[in-house]
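Trainee: attaching a predicted model along with its sequence, questions to come.
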Amino acid sequence: MNSLLKPEEMMDLWNTKLSIPIPSMDIVIFTLYKWHLCVVLDKFEWNAHVLPWNILAGWYSLEDNFDAILERKTGIKWIYKEQLYTFWSPARDKRWHVLSISYYALVGGQDFINGIDFTKVDLIRYDELSKANVLYDHKEIIDYARNRLKSKIIYTTTAKEILKKEFRISELREVYEIVLDKEIDRRNFQKKVLSLNIIQETGNIDKSTNRPAKLYSFIDDKIRTFDDIF
């Protein structure tokens with residue numbers, strides 16, 4: 001295939017043939033709310049929604065851009081994040097060729113409620129996104145992020161980022177069931193997760209129900225990898 005531009009044209013930053021794409025960042029934020037996987041979306045005109053996003057500021061790192069977009073768009077100041085993918089299609093925005101360096105992020109339900117600014121965003125259940133008017137290719141980006149989360153949760157301790165600091169094993173299992181969208185055998189799950197040496201007893205008991213149960217926490221603060229949990 002012939003080059004779209006001649007070598008000398010590639011080196012000329014002022015050449016109009018370059019049509020340099022505009023770099024932007026889109027952030028998919030997942031949280032659990034009332035035991036449903038939810039996505040944080042910016043309110044837009046005409047009752048539409050978009051992901052928290054912005055054109056990237058030059059001379060700043062991606063980390064700096066992420067933090068600025070996160071706080072300005074949602075009110076949250078820190079969150080677990082991971083770079084997701086670069087969406088490059090010229091058709092993704094009719095105004096100009098805008099590429100998206102996308103991230104997905106996770107936040108615990110309580111931390112989310114404490115930090116979010118609901119005048120700026122809405123919390124929408126993932127399984128109800130089809131009913132929402134999500135603009136551009138942001139639904140595609142959300143689905144891509146969901147698939148990444150599904151793949152990572154089975155071999156890393158990613159679940160710790162959306163779970164309470166102390167939890168019942170049954171609550172941990174529910175997180176897996178919600179993210180993976182399938183039922184998991186209770187006994188097999190408990191046996192497997194304890195054998196992985198990723199959680200520990202805290203010594204506390206949850207007495208909030210008629211069936212008190214031991215509370216656990218993850219051993220490490222950082223994300224750990226392990227053999228496939230299934």
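Mentor: Great, that's in hand.
Trainee: ok, residue 218 to residue 101 distance?
Mentor: Distance of residue 218 to residue 101, computed by C-beta to C-beta, to the nearest Å: 29 Å. The C-beta positions use only the backbone N, C-alpha and C, and glycine is treated the same way.
Trainee: swap that for residue 14, sorry
Mentor: Note on residue 14: its distance to residue 101, by C-beta to C-beta, is 24 Å.
Trainee: same check on residue 157?
Mentor: As for residue 157, its distance to residue 101 is 26 Å (criterion: C-beta to C-beta).
Trainee: likewise residue 110?
Mentor: Residue 110 is 29 Å from residue 101, where distance means C-beta to C-beta.
Trainee: ranges for the helices of this protein?
Mentor: With helices called from DSSP state H, the chain shows them at 7-10, 62-74, 109-115, 138-153, 169-180, 186-195.
Trainee: how about the ones you listed, which one is nearest residue 229?
Mentor: Comparison of the helices of the chain against residue 229 by C-beta to C-beta identifies helix 186-195 as nearest, at 5.9 Å.
Trainee: elements contacting the longest strand anywhere in the chain?
Mentor: The longest strand of the chain (DSSP state E) is strand 22-33. Counting contacts by 3 or more C-beta pairs under 8 Å, 6 or more residues apart in numbering; DSSP states H and E, strand 22-33 is packed against strand 36-44, strand 53-55, helix 62-74, strand 80-87, strand 98-106, helix 109-115, strand 121-125, helix 138-153.
Trainee: got the angle for it vs helix 169-180?
Mentor: Angle of strand 22-33 versus helix 169-180, following axes from the mean of the first three to the mean of the last three C-alpha atoms, to 10 degrees, is 140 degrees.
Trainee: convert strand 22-33 to CSV, retaining C-alpha atoms only.
Mentor: What follows is strand 22-33, C-alpha atoms only, in CSV (Å, rounded to 0.1, in the frame of the first residue of the first chain):
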residue,chain,number,x,y,z
ILE,A,22,-7.6,15.9,18.2
PRO,A,23,-6.6,13.7,21.2
SER,A,24,-9.2,13.3,24.0
MET,A,25,-9.8,11.1,27.0
ASP,A,26,-13.0,9.2,27.9
ILE,A,27,-13.3,7.6,31.3
VAL,A,28,-15.6,4.7,32.1
ILE,A,29,-16.3,4.6,35.9
PHE,A,30,-17.8,1.5,37.3
THR,A,31,-19.3,1.1,40.8
LEU,A,32,-21.7,-1.1,42.7
TYR,A,33,-24.9,0.6,43.9
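Trainee: let me know the angle separating it from strand 80-87.
Mentor: Angle between the axes of strand 22-33 and strand 80-87 is 140 degrees (criterion: the same axes, to 10 degrees).
Trainee: mind listing what's buried along strand 22-33?
Mentor: Neighbour-count burial for strand 22-33, counted by 16 or more other C-beta atoms under 10 Å, picks out 23, 24, 25, 26, 27, 28, 29, 30, 31, 32.
Trainee: re earlier: if you count surrounding residues, which of residue 157 and residue 101 has more?
Mentor: Remark: of residue 157 and residue 101, residue 157 carries more neighbours, 21 against 18, as counted by other C-beta atoms under 10 Å.
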